[in-house]
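J.: Kindly generate the corresponding structure for this input.
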Amino acid sequence: MPAGECWPDGSLRLAVEDFLGAGAVIDRLDGQCSSEAQIARDAYRSAGDDVPRLIRLSTSGRELVDAGFSSDIDLALELGISSTVPILIDGAYRTAAAHVSS
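T.: Numbering: from 1, shown residues only. Next up, the predicted model:
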């Protein structure tokens, strides 16, 4: 599960938005999950209505807000708005329907 990026010195920088995003997806799935997935899911559940604030206050969130991309955060925080499953094809994400028709 991706949950980070790199600082300029190459060290790992935790990306709270990735971790909570993975937890949100896992929360919607049925079945057993790994310990790592369970921790992400539980963090998402624990954050509850605080998820938007936590993401906006994260390092990446603050960078986006400061750069004028606050609306990108709003878009990323939307839940249950798409039934499309993206598939990575030739280096780009495409809908599952596009994959079937090609």
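J.: now what about the one helix or strand Arg53 maps to, what contacts it?
T.: Assigned by DSSP states H and E, Arg53 falls within helix 51-57. For helix 51-57, the external contacting residues (C-beta atoms under 8 Å, 6 or more residues apart in numbering) are 16-17, 20, 24, 44, 47, 61-62, 65, 70, 73, 76-77. Placement of C-beta: from N, CA and C, glycine included.
J.: Now the buried members of those residues.
T.: Val16, Glu17, Leu20, Ala24, Tyr44, Ala47, Gly61, Ile73 (16 or more other C-beta atoms under 10 Å).
J.: quick one: which of those residues is nearest Val85?
T.: Ala24 (15.3 Å; C-beta to C-beta).
J.: That closest one touches Tyr44, doesn't it?
T.: Yes. Between Ala24 and Tyr44 there is a contact under C-beta atoms under 8 Å: 5.1 Å.
J.: Could you list the low-pLDDT ranges of the protein?
T.: 1-4, 96-102 (pLDDT under 70).
J.: for the residue nearest the centre of the chain, helix, strand, or coil?
T.: Centroid check for the chain by C-alpha atoms, centre = their mean gives Gly21 as the closest residue, at 3.1 Å. Taken by DSSP: H, G, I helix; E, B strand; the rest coil, the conformation at Gly21 corresponds to helix.
J.: Quick one: residues contacting the nearest residue to it once chain neighbours are set aside.
T.: Counting by C-beta to C-beta, 6 or more residues apart in numbering, Gly21 lies nearest to Ala76, which is 7.6 Å off, once chain neighbours are set aside. Residues counted as contacts of Ala76 (C-beta under 8 Å, 6+ apart) are Glu17, Gly21, Ile55.
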